[in-house]
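Asks: Provided below are the primary sequence and the corresponding predicted coordinates.
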Amino acid sequence: MPKALLSALPTDALKGRRVVVRADLNVPLSEAGEVADDTRIQASVASLRHLVEAGARVVLLSHLGRPKGRPDPAASLAPVARVLQSALGSPVRFVPDLVGDEAAAAVASLEPGRVLLLENTRFEAGETADDPALARVLAGYGDLFVNDAFGTAHRAHASTAGIASAIRAAGGRAVAGLLLERELQFLGDALADPERPFVAILGGAKISGKIDVVEALLPRVDRLIVGGAMANTFFLALGLEVGHSLVEPDRVEMARELLERGGDRLLLPIDVRVADEIAPDAEVRVRARAEVRPGDRIADIGPESEAIFAAEIRGARTLVWNGPMGVFELEPFRGGTVQLAHAVADAADGGATAVLGGGDSAAAAEVAGVSDRLTHISTGGGASLEFLAGEALPGIEALDEREDA
Ligand SMILES: Nc1ncnc2c1ncn2[C@@H]1O[C@H](COP(=O)(O)OP(=O)(O)OP(=O)(O)O)[C@@H](O)[C@H]1O
Ligand SMILES: O=C(O)[C@H](O)COP(=O)(O)O
């Protein structure tokens, strides 16, 4: 069912109105705690500028990282507020509170045309539990909810799904923001009838969640390339040694079934780069995947895998890439991701549709220097995968239906 859109609301209806915006400002931070990649911040500016120019009072919500339902200074949105203010070119007030008196007072005194960013929604345990009581408090900050958090649309959380029902119950409205609208349009159009070969590349560290959509993805693609920490769980399923590598043992059975079902459509690395520690000065060794030792940590794909994967990618007409091939943040483990990023960009230069998704993946494309050669960089990692796999996204489902539909 098509959803109600911010772009369809007359700007007069926004003047002076209290609008709660949920963005996905979950960006990678450097060790010094500064924003390491601002892709998601820049992508969120369009809706905010639209609202500011229309004279709305904007209460902005987001999560950052995965704090466990309690405050964690390392996951504060303070550094994000600074970067957002310069991206937006107008003041962004940050208050380190979400549901307390300080937040309520800041919301009450918010002037038209101003943006107030509240603290990380995941500092409250009710957020990931989609607690209706938390949703009601957040909904009380306005009478229009704009969901622009495409990257978090696959989560049924209080600030994504619960708030939409709560604001509607209170007589308000819940609509999709400009970024959400654009993502749905783009991913929907580009991938509705993909030109073949259609190759998907999956990597990264969020194994559960992403591996769960592989089953739905497999019948849609011609090849599924798996790298990053995700590959380690498949190695375990093949009975291989993975040493101290990041794995999810409770997904091994699922990986075994996927290997059977995928046959030669599923491509795994045949060699890997390992180290004793994942550190900037690590001594890196290349090993065949069957020769990984108990003390090793797998931190990147190996050179032979790079060559095989890159050849597949260069021959593709539609590419979806989600998750880096290794710990690309550290120079010694960057090679696989950078090589594949260049292959994806070459394919796009040759006319293939190349869509990249995910916060860290966007950062990886920047590191590889290929961002501006790709067809579309989606702000959603897991969300774009679930969308692509044909699953309903709770953050979108919860929005009002379009009246003209
Ligand atoms: N072999 C590996 N071992 C440990 N970490 C890895 C490995 N390969 C990749 N990673 C890590 O995976 C992380 C990115 O994974 P993630 O699944 O979060 O991707 P993403 O693009 O941010 O998608 P999303 O937006 O869904 O989070 C990076 O920080 C990278 O260091
Ligand atoms: O980075 C993402 O994929 C989104 O911000 C959602 O984060 P999550 O996987 O921690 O829910």
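Replies: Okay, I see it. Ligands and ions are numbered 1, 2, ... in the order given.

Asks: Outline the domain layout of this structure.
Replies: 6-178, 186-388 (automatic domain parsing).

Asks: CSV please, covering those and showing mean neighbour count, distance to ligand 1 and mean pLDDT.
Replies: Every residue, glycine included, has its C-beta placed from N, CA and C. Shown next, in CSV, are the domains of the chain (neighbours: other CB atoms under 10 Å; distance: least, CB to the nearest ligand atom, whole Å; pLDDT from 0 to 100):
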stretch, mean neighbour count, distance to ligand 1, mean pLDDT
domain 6-178, 20, 6, 97
domain 186-388, 20, 2, 94
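
Asks: Tell me which of these sits nearest to Leu399.
Replies: Closest of the domains of the chain to Leu399 is domain 6-178, at 4.8 Å (criterion: CB to CB).

Asks: wait, does that closest one contact ligand 2?
Replies: Yes. Judged by CB under 6 Å from any ligand atom, domain 6-178 comes into contact with ligand 2 at Asp24, Asn26, Arg66, Gly151, Thr152, Arg155.

Asks: May I have the phi/psi pair for Gly188?
Replies: Per-residue torsions, Gly188: phi -60, psi -50 (degrees, to the nearest 10).

Asks: distance of it from Glu31?
Replies: Counting by CB to CB, to the nearest Å, the separation of Gly188 from Glu31 is 38 Å.

Asks: ok, Glu253 - contacts?
Replies: By CB atoms under 8 Å, 6 or more residues apart in numbering, the contact set of Glu253 is Ala237.

Asks: In three-state terms, how would it be classified?
Replies: Recorded secondary structure, Glu253: helix (DSSP: H, G, I helix; E, B strand; the rest coil).

Asks: which phi and psi does the nearest residue to Gly351 once chain neighbours are set aside have?
Replies: In space, not counting the residues next to it along the chain, Gly351 is nearest to Arg317; the distance is 7.7 Å by CB to CB, 6 or more residues apart in numbering. Main-chain dihedrals, Arg317, degrees, to the nearest 10: phi -110, psi -20.

Asks: quick one: Arg317 and Val221 touch, right?
Replies: No. Shown here, Arg317 and Val221 do not form a contact pair, counting by CB atoms under 8 Å, at 11.8 Å.

Asks: overlap in contacts of the two?
Replies: Phe198.

Asks: Could you report the distance from the one residue in the stretch 51-200 of the chain that gets nearest to ligand 2 to Gln339?
Replies: Here the residue of the stretch 51-200 of the chain nearest ligand 2 is Gly151; by CB to the nearest ligand atom that distance is 4.1 Å. Remark: distance between Gly151 and Gln339 (CB to CB) = 26 Å.

Asks: and what of Ala105?
Replies: In terms of CB to CB, Ala105 sits 52 Å off from Gln339.

Asks: so Val199 sits right up against Val226, yeah?
Replies: No. Judged on CB under 8 Å, Val199 makes no contact with Val226 at a distance of 11.7 Å.

Asks: still on that earlier bit, return the residues in contact with the residue nearest to Gly351.
Replies: Counted by CB under 8 Å, 6+ apart, Arg317 has contacts Pro194, Glu195, Arg196, Pro197, Phe198, Gly351, Ala352, Thr353.

Asks: Recalculate using a threshold of 7 Å.
Replies: Glu195, Arg196, Pro197, Ala352 (CB atoms under 7 Å, 6 or more residues apart in numbering).

Asks: Nearest spatial neighbour of the first one, chain-adjacent residues omitted?
Replies: Yep, that's Glu195 we're talking about. Arg317 (3.9 Å).

Asks: residue ranges for the helices of the stretch 101-250 of the chain, please.
Replies: Per DSSP state H, counting those that start in this stretch, the stretch 101-250 of the chain carries helices over the ranges 101-108, 132-139, 163-169, 178-192, 207-217, 228-237.

Asks: Save those as TSV, and put in distance to Ala46 too.
Replies: Putting those into TSV (distance: least, CB to CB, whole Å) gives the following:
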stretch	distance to Ala46
helix 101-108	23
helix 132-139	22
helix 163-169	20
helix 178-192	4
helix 207-217	27
helix 228-237	30
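
Asks: Of all those helices, which one comes closest to Leu259?
Replies: Across those, closest to Leu259 is helix 228-237 (CB to CB), at 6.0 Å.

Asks: Using PDB, list the CA coordinates for that closest one.
Replies: Taking Å, rounded to 0.1, in the frame of the first residue of the first chain, the C-alpha atoms of helix 228-237 are listed here in PDB:
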ATOM      1  CA  GLY A 228      33.700 -10.400   5.400                       C
ATOM      2  CA  ALA A 229      32.900 -12.000   8.700                       C
ATOM      3  CA  MET A 230      29.800 -13.500   7.200                       C
ATOM      4  CA  ALA A 231      32.000 -16.000   5.200                       C
ATOM      5  CA  ASN A 232      33.400 -17.300   8.400                       C
ATOM      6  CA  THR A 233      30.100 -18.800   9.500                       C
ATOM      7  CA  PHE A 234      29.900 -20.600   6.100                       C
ATOM      8  CA  PHE A 235      33.500 -21.900   6.600                       C
ATOM      9  CA  LEU A 236      32.400 -23.400   9.900                       C
ATOM     10  CA  ALA A 237      29.400 -25.000   8.100                       C
END
